[in-house]
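Asker: Predicted model, plus sequence, below.
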Amino acid sequence: MTNPTLQLPNGETISYLLERRQRRTIGLKITADGLVVHAPKRIFEYQLNQVLQQKAHWILSKLKAREANYIEPIQWLNDEHLLYLGTDVQLQITQHSTSKTAVLTQNKLLIAQQDPNNQTLTCRKVIAWYKKQALADFSRRLEIFAAKLHVPTPPLTLSNAKSRWGSCNSRGEVRLNWRLLQAPPHIINYVICHELAHLKEMNHSAKFWAVVSSICPDYKSAEKELKNLSPQLHRL
Ligand SMILES: [Zn+2]
C-alpha cells in the first residue's frame, strides 16, 4: 500500500500517513515520519482533501520547522563530519591489515582497520579517542581556571550523562561530560568555571553567579549557546 499524497497550492506534493479512526474530526500531526492524518472512518476523500488544502500553510510550516531541527544521525563511514572543539573534523577510514586507534591530523580523524565499513568498530574507536582527548583537554583547563579562582585543582572524572554537562559533588569532585569536547573552547571553559565555582558556593545563588562571573564574564551567553548546541552535541 502506498501512502496517499497531497498536492499543495505551491505545487509541492507531500505524502502522508492516513489513519482511519472512530472520530468526528480530522486531526493532523507532524511526527518524525512526517504528516500523519487521523480521519473519521466515513469521510469522503474530497472532503479530506478540502481540509488538508485549508491547512496547507500550517502543514508546510510545521514540516519546514521539523526539517530545520532535524539532526542527521552519524554514519560511521568514510567522510562523515564530526565536531571537535567547535570545528569540523572529517572521518578518514582506510583499509589496513592491522587495526589502529584514531589519530587527528589537521582536520582529519584517521582510522585504519581491516574492514573500513565496520561501523561498530569505527564508532568505538572514535568515542575512545574523544574520551582520551577530553580527559587531557579538560584537565588542563581545570588547572588553569582553578588557579584563577585560587582553589586547588579538583579531581576530574568523565561522565556519560545524557542530560548534564557537568557536576560537582560535596567532596569537591568534578565530573564533565566527554561530549563537551565537541563544543567551542569558550563553552567548555564556561562549564568548567561553573563547576569550579561550586567549590566555593554549593548552590545557584547570586553569590555563586558572582564567583562564576569573576573567572568567566561571558557566562550568560555561553550558557545560552550551550543550550542551543546540546542536541548537536548529543549526536555523538
Ligand atoms: Zn551548577
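Answerer: Cool, got the structure. All values reported here derive from a predicted model rather than from experimental measurement.

Asker: which regions of this protein lie under the pLDDT threshold?
Answerer: Low-confidence regions of the chain, defined by pLDDT under 70, span residues 1-2.

Asker: Okay, domains of it per the record?
Answerer: Structural domains of the chain, as assigned by automatic domain parsing, span the residue ranges 5-69, 81-233.

Asker: Mean neighbour count for the ones you listed - can I get that in JSON lines?
Answerer: Where C-beta positions appear, they are placed from N, C-alpha and C, glycine not excepted. Output for those, formatted as JSON lines (neighbours: other CB atoms under 10 Å):
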{"stretch": "domain 5-69", "mean neighbour count": "13"}
{"stretch": "domain 81-233", "mean neighbour count": "16"}
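
Asker: I'd like these written out as JSON lines, with distance to residue 75 added.
Answerer: As requested, the domains of the chain are exported to JSON lines (distance: least, CB to CB, whole Å):
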{"stretch": "domain 5-69", "distance to residue 75": "18"}
{"stretch": "domain 81-233", "distance to residue 75": "7"}
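
Asker: who's in contact with the closest residue to residue 5 other than its chain neighbours?
Answerer: Once its chain neighbours are removed from consideration, residue 5 has its nearest residue in residue 15; the separation is 4.7 Å (CB to CB, 6 or more residues apart in numbering). Residue 15 makes contact with 2, 3, 4, 5, 6, 34 under the criterion CB atoms under 8 Å, 6 or more residues apart in numbering.

Asker: residue contacts, the fifth one?
Answerer: Spelled out, that is residue 6. Here residue 6 is in contact with 13, 14, 15, 16, 35, 49, 52, 53, 56, 59 (criterion: CB under 8 Å, 6+ apart).

Asker: How about the third one?
Answerer: Residues touching residue 4, when contacts are defined by CB under 8 Å, 6+ apart, comprise 15, 16, 18.

Asker: Show me which of the residues you listed is closest to residue 204.
Answerer: Distance to residue 204, by CB to CB, is smallest for residue 16 among the contacts of residue 4, at 45.3 Å.

Asker: What residue, apart from its backbone neighbours, is nearest the closest one spatially?
Answerer: Once flanking residues are discounted, residue 16 sits nearest to residue 35: 3.9 Å by CB to CB, 6+ apart.

Asker: can I assume the one you found is in contact with residue 66?
Answerer: No: with contacts counted by CB atoms under 8 Å, residue 35 stays clear of residue 66, the gap being 9.7 Å.

Asker: need the helices for the protein, in chain order.
Answerer: Read by DSSP state H, the chain holds these helices, from start to end of the chain: 45-54, 56-69, 119-149, 185-197, 206-215, 219-233.

Asker: who are the neighbours of the second one, in terms of helices and strands?
Answerer: Contacts defined by 3 or more CB pairs under 8 Å, 6 or more residues apart in numbering; DSSP states H and E place helix 56-69 against strand 27-31, strand 34-40.

Asker: So which elements touch the shortest one?
Answerer: Looking back up the chat, that one is strand 27-31. If contacts are counted by 3+ CB pairs under 8 Å, 6+ apart, strand 27-31 sits against strand 34-40, helix 56-69.

Asker: Let's have the ones you listed in CSV, adding distance to residue 118.
Answerer: As requested, these are arranged in CSV below (distance: least, CB to CB, whole Å):
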stretch, distance to residue 118
strand 34-40, 32
helix 56-69, 31
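
Asker: Tell me the bridge partners for the residue lying closest to residue 138 once chain neighbours are set aside.
Answerer: Spatial nearest neighbour of residue 138, chain neighbours left out: residue 176 (5.1 Å); criterion: CB to CB, 6+ apart. Applying DSSP bridges to residue 176 yields these beta-bridge partners: residue 158, residue 166.

Asker: In contact with residue 176: list those residues for me.
Answerer: Contacts here follow CB under 8 Å, 6+ apart; on that basis residue 176 touches 134, 138, 156, 157, 158, 159, 165, 166, 191, 192, 195.
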